[in-house]
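Asker: need a structure here:
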Amino acid sequence: MNWDDFADTSETQSDAGAEQLCPEGTHVATIGWVKIQLKDWAKGKNNPEGKCLTVRLDFSKEIKSVFDSIPCDRRGSIEALCRSARIEPPRGDWDETQLKDHAVTVETVLAVSKAGRDYVKVERYMPNADPLPKAVVERTANRTATQKADAATGASGDDIPF
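Answerer: Numbers count the residues shown, from 1 in each chain. Next comes the predicted model:
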């Protein structure tokens, strides 16, 4: 799937079971299941097929899992999920299954559906305490020939060639 086709918006939609619901507040969950799904409610100008990234958030044995479906055109929400899971956000052909088994921090609220059932809504994904490591840009323009050769061979700068 090419993730560059979707624009940036920031709302989140979710589905959940109605038994022992996750209480409102901030929680840590593990992503137990990930899939791209087609949802009629997600169809729009920027997402004509209604593609959604759906994840199952597992909290504990006492709390029922929560399914959260994020329309793929809501790039900001998908990137927030990735930052919380400490995964690089989608670019080009991106494999969403790499999110599986990662811990995320979520803020949840209880809501009532149009049918009158209570459900848990994921309000937002919080960044984890340890942010993504910054990309290391290697400077090659201002290096000497010896430094470039050492970098290519993996030699340390302390090696003496005699």
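Asker: can you list contacts of the lengthiest strand in the chain?
Answerer: Identified as the longest strand of the chain according to DSSP state E is strand 25-38. With contact meaning CB atoms under 8 Å, 6 or more residues apart in numbering, strand 25-38 is reached by 1, 49-59, 65-66, 69, 72, 85, 96-97, 99-108, 126. Glycine gets a C-beta too; all of them are placed from N, C-alpha and C.
Asker: Go again with 6 Å.
Answerer: 49-52, 54-59, 96-97, 99-100, 102-107 (CB atoms under 6 Å, 6 or more residues apart in numbering).
Asker: what comes up buried for stretch 57-67?
Answerer: Across stretch 57-67, burial judged by 16 or more other CB atoms under 10 Å covers 57-59, 63-67.
Asker: pull the CA atoms of it into PDB?
Answerer: The C-alpha coordinates for stretch 57-67 follow below in PDB (Å, rounded to 0.1, in the frame of the first residue of the first chain):
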ATOM      1  CA  LEU A  57      -5.400  -2.700  21.700                       C
ATOM      2  CA  ASP A  58      -5.000  -5.300  24.500                       C
ATOM      3  CA  PHE A  59      -4.900  -3.900  28.000                       C
ATOM      4  CA  SER A  60      -5.100  -6.700  30.600                       C
ATOM      5  CA  LYS A  61      -7.200  -9.800  31.200                       C
ATOM      6  CA  GLU A  62      -9.700  -7.800  33.200                       C
ATOM      7  CA  ILE A  63     -10.300  -5.200  30.500                       C
ATOM      8  CA  LYS A  64     -11.800  -6.000  27.100                       C
ATOM      9  CA  SER A  65      -9.700  -5.200  24.100                       C
ATOM     10  CA  VAL A  66     -10.500  -2.100  22.100                       C
ATOM     11  CA  PHE A  67     -10.500  -2.000  18.300                       C
END
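Asker: That's all I had, so thanks and see you.
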